[in-house]
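Chemist: Below: sequence and its predicted model.
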Amino acid sequence: FFLNADATINLNMAAVTVAKWKAIALIGLAGAEAFVFVSSSPRERSVSTQLASEYGASARTRTQDDYIDINRESGGPIVRYGPTIRPLSNVRAPSLDEIWESTMPVVVQGGSLRTWSFANPQVDAVQVLFKSEGRPIDADIDLWNGPDNTPHKMRVYVEDGALRTFNAVIGTPRGPNTVAIRNIGQLEFPIDAVVRPDMQDGLAASIASVVSKSEVIQGGSVRTWSFNPVVQSVAVIIKTDGRPLNSRIELLMGPNNSKQVVEIYTEDGVDRPFFAIVETREAVGSVIRIKNTAPLEFPVYASVAPYTLGEYDFVSDSYNLNEWPML
């Protein structure tokens, strides 16, 4: 009797176990069907992965609306190819070579300080240019506006001052103003400096004429622009909506290989925006990297576009030389 009872209990437990696993299997199938979406049209189906969702991307075919049509004659990221070095600006401003030929530079020895004062209130912008005999450039630029008031500061580093000169325009409203340049390099590294007023047809107007759009760089963010070797120089404009400006501009060739670095501070990005021409000659695969070093509450607006073009001798015959992408 006891043996028959034990066998009956074992059979009942086995039946309960089988029923339990069947129920779990049915629940799993029902849960899987709840997450399956069957599209009525094959065109509505899309492929997504976890990697794509993490980076905000989706696997879909680009349409015409995804591209921006840019006028090739406006000097934007795509411009018409030219056989010789020529500026893309429609403003007849003196070139950098003409500025150096027409102006006597001042030699700033290593560790010394030189100042240029502009008492005329009509001078609302000043050109600042550096070069050397091929040695590095390491200098500080300060704009003095009244006693103990420095509304604009820059730290400039250039690896080769003969191959890539430093060229910038700083705003000097509400004069008188004084531009102070301190060569913080050693005595063996003198620099040639040119500081002169920037008039209405100067570098600032020429730089502004080649840019077609600006991009917002939030505080702490980084933005990069890559350029074709045919681009000999790049126009850069950085400004704000009236808030302070803190940024770092780098010319890169290769991974973290900085050929030129400029650190900028401006107390008002509207009155004193930053205009510069960065020379990218002999730089295959050059990249302009701009980092907003300010907090999140201080965004900046950056504009970067090709400024001058040069010859490109090793182009394959398969390329169309009439249209050559700059970016």
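Modeler: Arrived safely.
Chemist: Tell me which stretches of the stretch 51-200 of the chain form helices.
Modeler: Ranges of helices in the stretch 51-200 of the chain, per DSSP state H, counting those that start in this stretch, are 96-102.
Chemist: can you list the weak-confidence ranges in this protein?
Modeler: 1-93, 282-284, 311-327 (pLDDT under 70).
Chemist: Could you report the separation of N167 from L203?
Modeler: Per C-beta to C-beta, to the nearest Å, N167 is found 7 Å from L203. Where C-beta positions appear, they are placed from N, C-alpha and C, glycine not excepted.
Chemist: Look at these two and report which has more neighbours.
Modeler: L203 (27 against 22; other C-beta atoms under 10 Å).
Chemist: shared neighbours of N167 and L203, which are they?
Modeler: Overlap of the contact sets of N167 and L203 (by C-beta atoms under 8 Å, 6 or more residues apart in numbering) consists of 127, 277.
Chemist: K213 is in contact with A302, isn't it?
Modeler: No. Shown here, K213 and A302 do not form a contact pair, counting by C-beta atoms under 8 Å, at 10.1 Å.
Chemist: Of the two, give the one with the bigger neighbour count.
Modeler: Neighbour count, other C-beta under 10 Å: between K213 and A302, A302 has more, with 22 against 13.
Chemist: Would you mind pulling up the elements that the one helix or strand that one maps to packs against?
Modeler: Element membership for A302, per DSSP states H and E: strand 300-309. If contacts are counted by 3 or more C-beta pairs under 8 Å, 6 or more residues apart in numbering; DSSP states H and E, strand 300-309 sits against strand 86-87, strand 215-217, strand 231-239, strand 245-252, strand 287-292.
Chemist: Need the winner for burial among those strands.
Modeler: strand 231-239 (a mean of 23; mean count of other C-beta atoms under 10 Å).
Chemist: That one vs strand 287-292, what angle?
Modeler: 10 degrees (axes from the mean of the first three to the mean of the last three C-alpha atoms, to 10 degrees).
Chemist: Can I get strand 231-239 in PDB, CA atoms only?
Modeler: Output of strand 231-239 as PDB, limited to C-alpha atoms (Å, rounded to 0.1, in the frame of the first residue of the first chain):
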ATOM      1  CA  VAL A 231      43.700  74.800 -49.400                       C
ATOM      2  CA  GLN A 232      46.700  77.100 -48.500                       C
ATOM      3  CA  SER A 233      45.000  79.100 -45.700                       C
ATOM      4  CA  VAL A 234      41.800  79.000 -43.700                       C
ATOM      5  CA  ALA A 235      39.700  81.900 -42.400                       C
ATOM      6  CA  VAL A 236      38.500  81.600 -38.800                       C
ATOM      7  CA  ILE A 237      35.900  83.700 -36.900                       C
ATOM      8  CA  ILE A 238      34.900  83.200 -33.300                       C
ATOM      9  CA  LYS A 239      32.300  85.300 -31.600                       C
END
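Chemist: ok, it: who's next to it in the sheet?
Modeler: strand 274-279 (antiparallel), strand 300-309 (antiparallel) (DSSP bridges).
Chemist: Tell me which of those lies nearest to T115.
Modeler: strand 274-279 (20.6 Å; C-beta to C-beta).
Chemist: quick one, what contacts P176?
Modeler: Here P176 is in contact with 117-121 (C-beta under 8 Å, 6+ apart).
Chemist: tell me the contacts of the nearest residue to T150 once chain neighbours are set aside?
Modeler: Counting by C-beta to C-beta, 6 or more residues apart in numbering, T150 lies nearest to D142, which is 5.2 Å off, once chain neighbours are set aside. Applying C-beta under 8 Å, 6+ apart, one finds that D142 lies in contact with 150, 152-154, 179-180, 182.
Chemist: what comes up buried for stretch 97-105?
Modeler: 99-100 (16 or more other C-beta atoms under 10 Å).
Chemist: try stretch 191-202
Modeler: In stretch 191-202, counting by 16+ other C-beta under 10 Å, buried: 191-196, 198, 202.
Chemist: Distance to E133 added to those, as JSON lines?
Modeler: As requested, those are exported to JSON lines (distance: C-beta to C-beta, whole Å):
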{"residue": "I191", "distance to E133": "9"}
{"residue": "D192", "distance to E133": "8"}
{"residue": "A193", "distance to E133": "14"}
{"residue": "V194", "distance to E133": "15"}
{"residue": "V195", "distance to E133": "19"}
{"residue": "R196", "distance to E133": "21"}
{"residue": "D198", "distance to E133": "26"}
{"residue": "G202", "distance to E133": "26"}
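Chemist: quick one: which of these is nearest to G146?
Modeler: The closest of the buried residues of stretch 191-202, once distances to G146 are taken by C-beta to C-beta, is V195, at 18.9 Å.
Chemist: what about the closest residue to the closest one other than its chain neighbours, neighbour count?
Modeler: Nearest in space to V195, with sequence neighbours left out and distances taken as C-beta to C-beta, 6+ apart, is W116 at 4.3 Å. Neighbour count of W116, defined by other C-beta under 10 Å: 17.
Chemist: so W116 bridges to which residues?
Modeler: Under the criterion used (DSSP bridges), W116 bridges to V179.
Chemist: can you tell me which residues contact it?
Modeler: W116 touches 126, 178-179, 181, 195, counting by C-beta under 8 Å, 6+ apart.
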